[in-house]
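> structure here, sequence nowhere to be found:
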């Protein structure tokens with residue numbers, strides 16, 4: 001029935017009201033006493049117009065207002081087809097927002113289970129940066145990356161445009177007894193591996209430093225050890241083991257330089273070997289050379305200059 005501009009159409013339960021041509025474009029409304037059988041269907045059977053701005057085989061267009069979709073909290077919104085493209089045209093913060101806001105068990109998951117390319121999941125910010133913020137404190141890890149690679153790199157950071165800034169900065173200003181950076185392996189099959197590898201392969205002859213450990217503040221303590229570099233090497237037997245090894249190819253430079261010019265009543269270099277046996281097998285300090293061009297005065301040179 002239609003009256004005064006309003007209209008209503010009624011069909012019996014289990015029957016359908018079809019607007020349009022069922023074999024082409026149609027809206028089908030099927031009321032049913034059984035909730036699982038009640039369906040409203042909007043379909044375009046033959047249209048092939050691809051989806052784009054104000055285009056599509058089925059188009060929903062609100063020229064002046066918004067569009068709201070609401071469904072039961074325990075049910076799904078399911079979208080399936082070709083590509084899914086969302087374009088936000090308002091110049092504002094949170095232009096695209098995905099928000100889970102119901103409880104502690106909620107998760108947001110982005111999955112690509114078929115793509116095998118290096119960019120199977122890609123985040124691209126063409127002009128700005130990318131920020132990850134986590135509110136986890138002591139109950140959860142802040143960021144976890146789990147990689148299944150065996151012969152490829154688990155993570156690559158490419159910052160080839162950096163000139164005077166930093167490629168990576170880690171700040172832990174609240175640190176007390178924790179660790180800013182930990183690199184750990186429990187592998188029992190180490191064979192030529194490197195736990196940390198820092199390499200400069202360029203050919204620059206300008207002054208630069210490959211690795212630096214620096215303490216800015218000048219405070220120290222007579223009772224608490226403040227150490228710039230500690231090597232805790234717990235290997236015992238094994239004559240091929242080295243706690244520290246410097247392999248230099250220099251010919252006329254200085255291989256090892258210790259600058260202790262500020263020492264007054266302290267010690268510039270301390271070597272302790274309190275477990276040496278008296279049978280001549282061990283040495284607290286060993287200086288050797290197999291060069292055939294050495295003289296008796298070339299093995300050890302000690303110099304002291306007094307003002």
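That came in fine, so what should we check first? Quick caveat, the model's predicted, so the values are computed rather than measured. Numbering: from 1, shown residues only.
> which residue ranges form the strands in this structure?
2-3, 6-7, 17-20, 25-30, 39-44 (DSSP state E).
> show me what the fourth one is packed against.
Under the contact criterion of 3 or more C-beta pairs under 8 Å, 6 or more residues apart in numbering; DSSP states H and E, strand 25-30 touches strand 17-20, strand 39-44. The C-beta positions use only the backbone N, C-alpha and C, and glycine is treated the same way.
> so can I have TSV of those strands showing mean neighbour count, mean pLDDT and distance to residue 200?
Shown next, in TSV, are the helices and strands packed on strand 25-30 (neighbours: other C-beta atoms under 10 Å; pLDDT from 0 to 100; distance: least, C-beta to C-beta, whole Å):
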stretch	mean neighbour count	mean pLDDT	distance to residue 200
strand 17-20	13	84	71
strand 39-44	13	89	62
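> low-confidence regions, the stretch 151-300 of the chain specifically.
For the stretch 151-300 of the chain, the stretches with pLDDT under 70 are 295-299.
> thinking again about what came up before, got the helices and strands packed on strand 25-30 as TSV, with distance to residue 82 columns?
Below are the helices and strands packed on strand 25-30 laid out as TSV (distance: least, C-beta to C-beta, whole Å):
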stretch	distance to residue 82
strand 17-20	24
strand 39-44	15
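> ok, which of those strands comes nearest residue 201?
Closest to residue 201 of the helices and strands packed on strand 25-30, according to C-beta to C-beta: strand 39-44, at 59.2 Å.
> tell me which residues are up against the closest one.
Identification of contacts with strand 39-44 by C-beta atoms under 8 Å, 6 or more residues apart in numbering yields 24-30, 32, 57-58.
> of these, buried ones?
For the contacts of strand 39-44, a burial check counting by 16 or more other C-beta atoms under 10 Å picks out 25-26, 29-30.
> nearest to residue 126, of these?
Ranked by distance to residue 126 (C-beta to C-beta), the buried ones among the contacts of strand 39-44 are led by residue 25 at 38.7 Å.
> state the pLDDT value of the closest residue in space to residue 130 that isn't next to it in sequence.
Spatial nearest neighbour of residue 130, excluding adjacent residues (C-beta to C-beta, 6 or more residues apart in numbering): residue 123 at 5.9 Å. Note for residue 123: predicted pLDDT of 94.
> next: residue 78.
For residue 78, the pLDDT comes out at 94.
> could you measure from it over to residue 16?
Here the distance between residue 78 and residue 16 works out to 22 Å (C-beta to C-beta, to the nearest Å).
> now do the contacts for residue 193.
185, 187.
> hmm, I typed the wrong one, I wanted residue 66.
Contacts of residue 66 by C-beta under 8 Å, 6+ apart: none found.
> how close does it sit to residue 60?
Applying C-beta to C-beta to residue 66 and residue 60 gives a distance of 11 Å.
> and residue 75, by the same measure?
The value you get for residue 75 to residue 60, if C-beta to C-beta is used, is 20 Å.
> re the thing from before, more neighbours, residue 78 and residue 16?
The residue with more neighbours, out of residue 78 and residue 16, is residue 16; 15 against 5, by other C-beta atoms under 10 Å.
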